[in-house]
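Sharing a sequence plus its predicted fold:
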Amino acid sequence: MAADEGMERGDAGTSVVELLVGLALLSLIALFIGQGVGTITRMAPLATRIDRSAELTAVREHLRRTLSETVADLRLVGGAPFRGQAETLAFLAPADPLLEVGGLNEITLALEPGAQGGLDLVERRAIASGDLSRAASRTVLIPDVASLRFAYGEPGPDGVPLWRAAWQRDGAPPALVRIDIGLKAGDRRSVPTLVVRPMATALPPDKRANRQPLDAAPRP
């Protein structure tokens with residue numbers, strides 16, 4: 001009987017130890033889960049900021065590419081309008097070959113009232129034809145913007161650009177276009193100043209490439 005009672009106590013003691021070990025493991029698991037949830041919670045705003053910063057980078061690249069394709073002196077539309085003001089810019093550029101019908105677009109960049117009650121940086125595209133008829137589209141590039149400033153540069157005597165707040169010279173674009181976009185207070189993102197050199201081609205590249213006069217002699 002005594003031996004049996006000792007065995008029962010040993011079994012009971014082992015069960016208690018196993019229970020304590022199990023509780024300790026559960027506590028560790030709960031701790032790891034809690035830390036994981038906390039990490040995810042802390043990382044979520046950071047991931048959102050990264051996504052929004054990536055969007056700003058994409059917008060800057062879009063503006064750089066579009067402005068660099070500025071078309072000047074196009075007879076089909078009676079001269080390419082390049083109208084630059086401090087807070088708005090209009091110019092001609094080739095249509096996107098992947099998303100739009102070929103040809104030219106008159107593109108306007110400006111701030112417009114947004115859905116959130118603030119101002120959005122908006123790009124408007126209108127098909128430019130012989131009479132400048134339009135089928136306009138509107139795209140919000142950056143929502144809830146605090147400010148937008150354009151400046152237009154021309155070569156200075158000492159090689160330093162001379163910046164002007166407005167530009168309109170018979171449709172001819174300036175040597176440089178500077179874009180400063182300000183975000184609202186509390187927005188941790190930043191938009192570095194963008195300086196673009198308009199290419200100012202006489203015709204869209206896809207229309208001009210490989211063209212030569214009909215009476216030109218073939219190349220050897």
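Thanks, I have it.

So which elements touch the longest strand seen in the chain?
The strand that spans the most residues within the chain, counting by DSSP state E, is strand 137-154. Contact partners of strand 137-154 among helices and strands, from 3 or more CB pairs under 8 Å, 6 or more residues apart in numbering; DSSP states H and E: helix 2-68, strand 104-113, strand 119-128, strand 162-164, strand 176-183. Using the backbone N, CA and C atoms, a C-beta is placed for each residue, glycine as well.

how does it look with 10 Å?
helix 2-68, strand 83-84, strand 88-94, strand 104-113, strand 119-128, strand 162-164, strand 176-183 (3 or more CB pairs under 10 Å, 6 or more residues apart in numbering; DSSP states H and E).

For these, which has the smallest mean pLDDT value?
Lowest mean pLDDT of the helices and strands packed on strand 137-154: helix 2-68, a mean of 66.

Domain map for the chain?
With automatic domain parsing as the criterion, the domains of the chain are listed as 1-31, 60-208.

now the ones you listed as CSV including mean neighbour count and distance to residue 53?
Formatted as CSV, those follow (neighbours: other CB atoms under 10 Å; distance: least, CB to CB, whole Å):
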stretch, mean neighbour count, distance to residue 53
domain 1-31, 10, 33
domain 60-208, 16, 5
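
Save these as a markdown table, and put in distance to residue 54 too.
Converted to a markdown table, the domains of the chain look like this (distance: least, CB to CB, whole Å):
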| stretch | distance to residue 54 |
| --- | --- |
| domain 1-31 | 34 |
| domain 60-208 | 10 |
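
Now residue 86: closest residue in space that isn't a chain neighbour?
Distances taken as CB to CB, 6 or more residues apart in numbering put residue 165 closest to residue 86, at 4.6 Å, once the chain neighbours are dropped.

brain fart, residue 83
residue 90 (4.5 Å).
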